[in-house]
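Enquirer: Have a look at this prediction, sequence included:
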Amino acid sequence: MAGPQTMNAAVARLPTEAFHGRGLLIIAPQGAGKTTYCGHNRQWTDSDAIMLESGVMKKQKKASEATLKRWQACNQQLKAKGLWVMSSAWWSLSDADAVVLPTRATLASRLAKKTGADRIENPDAEADMQLRLLREWAAKARKPAYASISDACRMVP
């Protein structure tokens, strides 16, 4: 059963290095390198992986407003626990500390490499859509934007 207990259990398994005095949230498009970066940097947590593990998130092509808001609430909870969090799931950028906007070519190339359930039908169109939305929302919310995950992680804390 998905819910707070299963999410808390997933959080309890995180290394002590993942917890900080102040939480952070970086929003990046699918394919930007969040999972890879978090896998090599124990100070950072991939919230999408936590939500998938706990059953809060399911792999799907499109998500409803209610689903996106639920995922955003999870990101808020993880940030409130003092985690430095990265996610591709957002409804608004109000809680984000930064946004990652890789080049279109980089993002499209990474999306094209996804296979199985993660396969993207049209990587070029998906990259265009994700970058357009994030760029517009980041400008409206006046959030700093970085070209890469590593740039954002160096600048935000």
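Expert: Yes, it's here.
Enquirer: Please count neighbours and contacts with C-alpha atoms only from this point.
Expert: Noted.
Enquirer: elements contacting whichever helix or strand T106 is part of?
Expert: Using DSSP states H and E, T106 falls within helix 104-112. In this structure, helix 104-112 packs against helix 123-141, with contacts taken as 3 or more C-alpha pairs under 8 Å, 6 or more residues apart in numbering; DSSP states H and E.
Enquirer: What are the contacting residues of the helix it packs on?
Expert: 29, 92-94, 99, 101, 104, 107-109, 111-112, 120, 144-145 (C-alpha atoms under 8 Å, 6 or more residues apart in numbering).
Enquirer: which of these tops the neighbour count?
Expert: Using other C-alpha atoms under 10 Å as the neighbour criterion, V99 leads those with 27 neighbours.
Enquirer: is it true that that one lies in a strand?
Expert: Yes. Counting by DSSP: H, G, I helix; E, B strand; the rest coil, V99 is part of a strand.
Enquirer: pLDDT at the residue most central in space within the chain, what is it?
Expert: Among the residues of the chain, the one closest to the centroid is S87, at 1.0 Å (C-alpha atoms, centre = their mean). pLDDT, S87: 91.
Enquirer: Let me know the angle separating the helix holding T106 from helix 123-141.
Expert: Put simply, helix 104-112 runs at 120 degrees to helix 123-141, going by axes from the mean of the first three to the mean of the last three C-alpha atoms, to 10 degrees.
Enquirer: Not counting its own residues, what contacts helix 104-112?
Expert: With contact meaning C-alpha under 8 Å, 6+ apart, helix 104-112 is reached by Q30, G31, A32, R119, I120, N122, P123, D124, E126, A127, D128, L131.
Enquirer: what about A32, is that helix, strand or coil?
Expert: Look at A32: counting by three-state DSSP, its state is coil.
Enquirer: Which residue is the nearest non-sequential neighbour of it?
Expert: L107 (6.2 Å; C-alpha to C-alpha, 6 or more residues apart in numbering).
Enquirer: same question, W84
Expert: Spatially, and ignoring its direct neighbours in sequence, W84 is nearest to L24 (4.5 Å; C-alpha to C-alpha, 6+ apart).
Enquirer: got it, and G82?
Expert: Nearest to G82 is G23, by C-alpha to C-alpha, 6+ apart, at 3.8 Å.
Enquirer: Report the contact partners of the one you found.
Expert: L78, K79, A80, K81, G82, L83, W84, V85.
Enquirer: Tell me which of these fall in strands.
Expert: W84, V85 (DSSP state E).
Enquirer: Would you mind giving the contacts of G23 as a markdown table with distance to N41 and neighbour count added?
Expert: Below are these laid out as a markdown table (distance: C-alpha to C-alpha, whole Å; neighbours: other C-alpha atoms under 10 Å):
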| residue | distance to N41 | neighbour count |
| --- | --- | --- |
| L78 | 17 | 23 |
| K79 | 17 | 23 |
| A80 | 20 | 15 |
| K81 | 18 | 16 |
| G82 | 16 | 15 |
| L83 | 13 | 27 |
| W84 | 11 | 28 |
| V85 | 12 | 25 |
